[in-house]
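Student: I'd like to go over a predicted model; first the sequence, then the structure.
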Amino acid sequence: MLFVRSFAFNLAFYAVTTVIAVAGLPTLVSRRAVIRLAQFWGRLTLRLLHVLGGITVEFRGVENIPPGPLLVAAKHQSALETLALVTAFPDFAYILKRELLWIPLIGWYLSRSGMVAIDRSKGTRAMSAMNEAAADAIRDGRQLIIFPEGTRRAPGAPPAYKLGITHLYVALAVPCLPIALNTGLHWPRRSLVRRPGNAVIEFLAPVPPGLERVRFLEVVQERIETASDALLAAGRAELAARGHTVPEPAGQAERPGSRVA
């Protein structure tokens with residue numbers, strides 16, 4: 001049954017995404033129209049995930065989301081949070097690698113919607129370009145989403161936070177909203193399996209601007225990792241109760257707690 005439901009969702013997801021990407025081409029005339037299309041796509045995907053995949057995405061702590069321009073720092077375990085978070089913010093912008101803009105059709109939407117693309121081949125110059133593009137997004141009142149670890153990490157893997165978020169925090173001088181989650185248990189990276197259950201995305205207390213760089217990174221990592229560990233423990237217990245194979249925490253024996261990488 002697990003594989004049947006996973007197959008049904010994956011088939012519907014890619015079909016719907018293709019149809020929306022083609023039918024939505026007229027929205028490319030307007031950045032805000034593209035944002036609204038992405039939010040529609042996100043809501044529809046979450047509905048399909050619930051009906052076909054048996055996964056309910058629960059947003060907790062929405063009262064912690066400040067209004068206006070914002071730096072959002074999210075744990076990254078899965079593609080699920082990437083599409084779910086577009087439904088949570090009125091005018092989001094992701095920080096992403098430039099290569100994603102080269103994807104046929106999808107890259108047009110990413111470019112037109114004002115995502116902040118980073119050319120990693122430029123080294124330190126990439127950081128300056130990122131800060132400039134991010135500042136433009138913040139001046140427009142947008143919510144700038146970054147995954148501080150840079151890539152998806154398996155649930156329970158040791159944290160590997162990068163310094164890019166500290167540069168943004170200092171340069172932008174806006175609150176930073178940390179996000180914890182357990183989505184990797186239900187939509188694992190590099191897998192087509194979708195495990196039924198309650199996937200949780202939790203908005204934590206925002207960090208006000210003005211902290212020193214090292215202290216800021218310590219606070220953000222501690223909040224995200226502590227809350228994510230609690231969500232993972234609850235999620236594993238739920239999966240076990242449902243009779244599903246529960247993934248072991250990757251690298252748990254070497255997990256460094258609040259160490260800043």
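Tutor: Alright, I've got the coordinates.
Student: C-alpha only now, for contacts and for neighbours.
Tutor: OK.
Student: what about the longest helix along the chain, average pLDDT?
Tutor: Longest helix in the chain, counting residues (DSSP state H): helix 213-241. Confidence over helix 213-241 (mean pLDDT, whole number) is 96.
Student: Please spell out which residues along that helix are buried.
Tutor: Buried residues in helix 213-241, counted by 16 or more other C-alpha atoms under 10 Å: 216-217, 220-225, 227-229, 231-232, 235-236, 238-239.
Student: and the closest residue to residue 229 other than its chain neighbours, helix, strand or coil?
Tutor: Leaving aside its chain neighbours, residue 229 sits nearest to residue 156 (7.1 Å; criterion: C-alpha to C-alpha, 6 or more residues apart in numbering). Classification of residue 156 by DSSP: H, G, I helix; E, B strand; the rest coil places it in coil.
Student: For residue 156, give its distance to residue 233.
Tutor: Per C-alpha to C-alpha, to the nearest Å, residue 156 is found 10 Å from residue 233.
Student: and what of residue 110?
Tutor: Taking C-alpha to C-alpha as the measure, residue 110 falls 35 Å from residue 233.
Student: same thing with residue 141?
Tutor: Using C-alpha to C-alpha, we find residue 141 at a distance of 36 Å from residue 233.
Student: could you pull out the helices for the stretch 1-150 of the chain?
Tutor: 2-23, 31-53, 79-84, 106-112, 124-139 (DSSP state H, counting those that start in this stretch).
Student: what's in contact with the shortest one?
Tutor: Right, helix 79-84. Residues outside helix 79-84 that contact it (C-alpha atoms under 8 Å, 6 or more residues apart in numbering): 42, 43, 45, 46, 183, 187, 189, 201.
Student: Count the residues that sit near residue 3.
Tutor: Using other C-alpha atoms under 10 Å, residue 3 is surrounded by 13 other residues.
Student: can you check residue 245 too?
Tutor: For residue 245, the neighbour count with other C-alpha under 10 Å is 11.
Student: again, but for residue 55
Tutor: 21.
Student: Report pLDDT for it.
Tutor: For residue 55, the model assigns a pLDDT of 97.
Student: Spit out the contact partners of it.
Tutor: Going by C-alpha under 8 Å, 6+ apart, residue 55 touches 49, 186, 194, 195, 196, 197, 198, 199.
Student: So which of those residues is the closest to residue 71?
Tutor: Closest approach to residue 71 among these (C-alpha to C-alpha): residue 199, at 22.9 Å.
Student: re the thing from before, top of the contacts of helix 79-84 by neighbour count?
Tutor: residue 183 (29 neighbours).
Student: Excluding covalently adjacent residues, which one is nearest to that one?
Tutor: Among residues not flanking residue 183 along the chain, residue 199 sits closest, at 5.2 Å (C-alpha to C-alpha, 6+ apart).
Student: and that neighbour, what helix or strand is that in?
Tutor: According to DSSP states H and E, residue 199 maps onto strand 197-203.
Student: what does that strand contact?
Tutor: 54-62, 64-65, 81, 177-183, 185-186, 231, 235, 238-239.
Student: which regions of the stretch 51-200 of the chain lie under the pLDDT threshold?
Tutor: Residue ranges of the stretch 51-200 of the chain with pLDDT under 70: 123-124.
Student: Now with 80, please.
Tutor: Applying pLDDT under 80 to the stretch 51-200 of the chain picks out residues 119-128.
Student: Strands along that one, start to end?
Tutor: Using DSSP state E, counting those that start in this stretch, the strands found in the stretch 51-200 of the chain span residues 55-60, 70-74, 92-97, 116-118, 143-146, 176-181, 197-203.
Student: Give me the contact list for the fourth one.
Tutor: Going back to what we said before, that points to strand 116-118. The contact list for strand 116-118, computed with C-alpha under 8 Å, 6+ apart, reads 93-98, 101, 126-127, 129-130, 133-134.
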